[in-house]
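S.K.: Quick one, structure for this:
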Amino acid sequence: MSSPPDAVYARVRDTDPDALDADELSTYLRDVATLESWCQARKVRATRRQRALASEGRATDPRHSLTEHGRQSSKEARASDEREAVCTAMPGFEDALSTGAVSAGHVDAVATATRGLDDEERAEFTDAADDLLADAGRLGVDAFGRSCRELARSIRARHNSRAEVDELERQRRQSKVTRWVDGQTGMHKTLIECDPVTDRAIWSAVQHVRGRLRRRRQDRTTTWDRLTVDAVVAAVSGGAAQPGQPGATIVVHTELAALTGERDHDVLCETDSGTAIPVETMRRLACEAGIIPMVLNGAGVVLDEGRAKRLATPEQRRAIEAMQATCSHPQCTVSVDDCRIHHLDVWASGGRSDLDRMAPLCEPHHHLVHEGGWRFTMSPDRFGTWVRPDGVIEWQGSLLDRRPAEVA
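M.R.: All right, here's what the predicted structure looks like:
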């Protein structure tokens with residue numbers, strides 16, 4: 001096991017973050033991340049040793065030690081325990097963790113993805129360790145987590161064609177609503193735990209009402225959070241549908257081969273928020289659904305553009321959701337249905353409401369572009385560029401985060 005690079009430790013120890021500019025802070029944070037990863041690798045070894053001592057009756061179990069002596073919460077201790085199991089099964093991740101090539105978040109993504117696999121399925125997942133490690137080295141934690149979940153779903157489907165359907169049914173049975181009052185703030189809280197399909201039904205209704213409320217409140221003084229709360233209240237009190245207006249819908253993005261039954265595995269089948277659902281469930285929903293064909297090119301760009309209007313039409317929003325599952329900022333994971341549709345060209349200055357000139361932005365990043373001095377541009381093939389207020393390009397890359405439909 002390697003030691004933390006002396007030069008990295010010295011830089012972190014001797015550098016004053018308050019005196020750094022943006023670029024220097026980026027380097028500093030990378031150094032801190034390297035040291036944190038090294039510490040996590042040492043904790044993995046300590047957890048493994050604690051487990052061995054516990055099996056001999058000479059120590060308590062690792063989670064108790066991590067909580068009592070490692071100053072971790074029970075949730076953090078459980079994560080550390082699972083991290084050690086992943087590193088034991090995939091030693092390459094432990095080595096990469098010790099050098100800072102990957103973070104603890106990458107290891108946790110593996111643990112989360114494999115949590116529902118049986119021994120045989122987990123062994124197949126572990127066989128892909130080299131490819132997973134390569135992906136972890138080049139992807140951020142969120143993107144790597146999605147990659148791990150897709151691999152786990154693919155393996156589970158090959159071993160058990162009904163695995164995803166059974167999982168969805170298990171989630172449906174465990175769905176519940178919990179209400180309580182926060183003793184410190186006095187705020188009343190409602191927690192809804194449900195399966196992905198039910199969640200989309202709920203939030204499609206909320207999104208539908210929220211859009212109507214936003215169009216009605218032209219003063220724009222209501223915060224996005226308050227607007228969402230009002231939309232939830234209106235939706236549950238029967239305000240989701242109005243006479244002469246379409247009600248909320250569940251939007252599922254899939255491929256023709258999946259819809260027709262030609263292929264059941266390794267196909268795109270997910271809600272507009274990017275949550276995968278079983279192909280069988282999609283077909284059941286399609287029995288009583290309106291099916292809207294949408295043509296994409298090989299890169300996953302929607303070719304059928306909507307008409308120019310002041311605000312994005314429902315059809316244009318669906319088209320955007322077919323290409324992007326989240327906010328257009330590269331580090332943002334806010335779901336597209338919680339985003340505003342941003343016009344790259346100001347309407348008052350002659351801008352057009354065409355698909356290639358609109359992109360989803362969450363409330364904070366929408367504020368950055370309009371009031372924060374940041375500049376966000378996008379090419380027709382949805383290659384985005386974020387420029388800081390000081391003129392430095394912060395990020396460039398494709399905004400497409402859905403897998404394009406495969407060509408038969």
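
S.K.: and the residue nearest to residue 20 when sequence neighbours are not counted, what element?
M.R.: In space, residue 20 comes closest to residue 28 once its chain neighbours are excluded; the distance is 5.9 Å by CB to CB, 6 or more residues apart in numbering. Quick note: C-beta positions are derived from backbone N, CA and C, even for glycine. Using DSSP states H and E, the element containing residue 28 is helix 22-55.

S.K.: tell me what the next helix or strand after that helix is packed against?
M.R.: Following helix 22-55 in sequence order, the next helix or strand is helix 62-68 (DSSP H and E). Contact partners of helix 62-68 among helices and strands, from 3 or more CB pairs under 8 Å, 6 or more residues apart in numbering; DSSP states H and E: helix 22-55, helix 74-89.

S.K.: Now helix 62-68: buried residues?
M.R.: Across helix 62-68, burial judged by 16 or more other CB atoms under 10 Å covers 62, 63, 65, 66, 67.

S.K.: before we move on, what about stretch 9-23?
M.R.: Result for stretch 9-23 [16+ other CB under 10 Å]: buried residues 11, 12, 15.

S.K.: In a markdown table: the buried residues of helix 62-68, plus pLDDT.
M.R.: Conversion of those to a markdown table gives the following (pLDDT from 0 to 100):
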| residue | pLDDT |
| --- | --- |
| 62 | 82 |
| 63 | 81 |
| 65 | 82 |
| 66 | 82 |
| 67 | 83 |
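
S.K.: Could you find the two of those that are most distant from each other?
M.R.: 62 and 67 (9.5 Å; CB to CB).

S.K.: Return the helix or strand in this structure with minimum mean pLDDT.
M.R.: helix 279-286 (a mean of 74; mean pLDDT, DSSP states H and E).

S.K.: what sits up against that helix?
M.R.: The set of residues external to helix 279-286 that reach it, using CB atoms under 8 Å, 6 or more residues apart in numbering, is 162, 164-165, 168, 197, 250, 252, 254, 258-259, 261, 264-265, 267, 269.

S.K.: any idea of the mean pLDDT for stretch 85-99?
M.R.: What stretch 85-99 shows for mean pLDDT is 95.

S.K.: Quick one: residues in contact with it.
M.R.: Against stretch 85-99 from outside (CB under 8 Å, 6+ apart): 1-2, 34, 37-38, 40-42, 44, 48, 102-104, 106-107, 110-111, 114, 122, 126, 129-130, 132-133, 136-137.

S.K.: what does the domain assignment say about the chain?
M.R.: Per automatic domain parsing, the domain ranges recorded for the chain read 6-160, 314-398.

S.K.: residues in contact with the residue most central in space within the chain?
M.R.: The centroid of the chain falls nearest to residue 333 when counting by CA atoms, centre = their mean (4.8 Å). Residues near residue 333 by CB under 8 Å, 6+ apart: 142, 326, 327.

S.K.: so is it in a helix, a strand, or just coil?
M.R.: coil (DSSP: H, G, I helix; E, B strand; the rest coil).

S.K.: Where does pLDDT dip in the stretch 301-408 of the chain?
M.R.: 301-311, 346-352, 402-408 (pLDDT under 70).

S.K.: In the stretch 151-300 of the chain, where is pLDDT below threshold?
M.R.: For the stretch 151-300 of the chain (pLDDT under 70), the answer is 218-220, 239-249, 273, 284, 286-300.
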